[in-house]
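S.K.: Generate a structure from the sequence data that follows.
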Amino acid sequence: MEFKKVLSSLIKNFEEEDVRYGLIGGFSLVMLGIPRTTVDLDFLVHREDLKKLDKIMETTGYKLVFRTENVSQYVGSASTLGGVDFLHAFRKYSKRMLKQAQIRKLDDLTIMVLRLEDIIGLKVQAIANDPIRKNRELADIESILDKYKDETNWELLKEYFHLFDLDEDFNTLVKRYGNIDRTR
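M.R.: Residues are numbered from 1 along each chain as shown. From the prediction side, this is the model:
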């Protein structure tokens, strides 16, 4: 996948069609300055924008291969396009995440990226949905906290972990990262 080329094309189309989106997944870590390998792109997109999204993806060479109430998965017609996955924002938390997405720069690209707490929140949800992913997701969470622990809203993290009954994992992180201001 040619990440920069694909991102540039998608972001341009999202903006032209007023698609509410935020970058998530492995590439969002790259945007936070955290080295991470990934094979696809992942976005959170408002569910009300799915018709616009389908049009954009089709005109840029993608085919919808899977959709549920919660996710859409597209595969490019050429290997340089790769795969792009979308979580659908329609619940209170995910809609709030989209509203609070932040502008990040990658060379000449301006990309809306979820806040680090919200990226972590989605990783917590991934653990709850598929416990086999726990080690990988916790490694990503720790990579974020290694770099941003002093800028993190720990109360929001506590809320996310509690929402998915993962309070013990939250407490482990608090112990690991020591004396933190949990109200940021």
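S.K.: so what's the backbone phi/psi at Gly33?
M.R.: Backbone dihedrals for Gly33, given as degrees, to the nearest 10, come out at phi 80, psi 20.
S.K.: neighbours around it, how many?
M.R.: Neighbour count of Gly33, defined by other CB atoms under 10 Å: 9. Placement of C-beta: from N, CA and C, glycine included.
S.K.: Figure out the helix or strand that the closest residue to it other than its chain neighbours lives in.
M.R.: Counting by CB to CB, 6 or more residues apart in numbering, Lys147 is the residue found nearest to Gly33 once chain neighbours are left out, at 6.8 Å. Per DSSP states H and E, Lys147 falls inside helix 134-148.
S.K.: The residue nearest to Gly33 contacts Ile34, doesn't it?
M.R.: Yes. With contact defined as CB atoms under 8 Å, Lys147 reaches Ile34; the gap is 6.2 Å.
S.K.: Now do the helix or strand bottoming out on mean pLDDT in the chain: which elements does it pack against?
M.R.: With mean pLDDT, DSSP states H and E as the measure, the helix or strand of the chain carrying the lowest mean pLDDT is helix 25-31 (a mean of 90). When contacts are defined as 3 or more CB pairs under 8 Å, 6 or more residues apart in numbering; DSSP states H and E, helix 25-31 sits against strand 40-46, strand 109-113, helix 134-148.
S.K.: elements contacting whichever helix or strand Ser8 is part of?
M.R.: Ser8 is part of helix 3-16, with elements assigned from DSSP H and E. The contact analysis (3+ CB pairs under 8 Å, 6+ apart) places helix 3-16 against strand 40-46, helix 50-59, strand 109-113.
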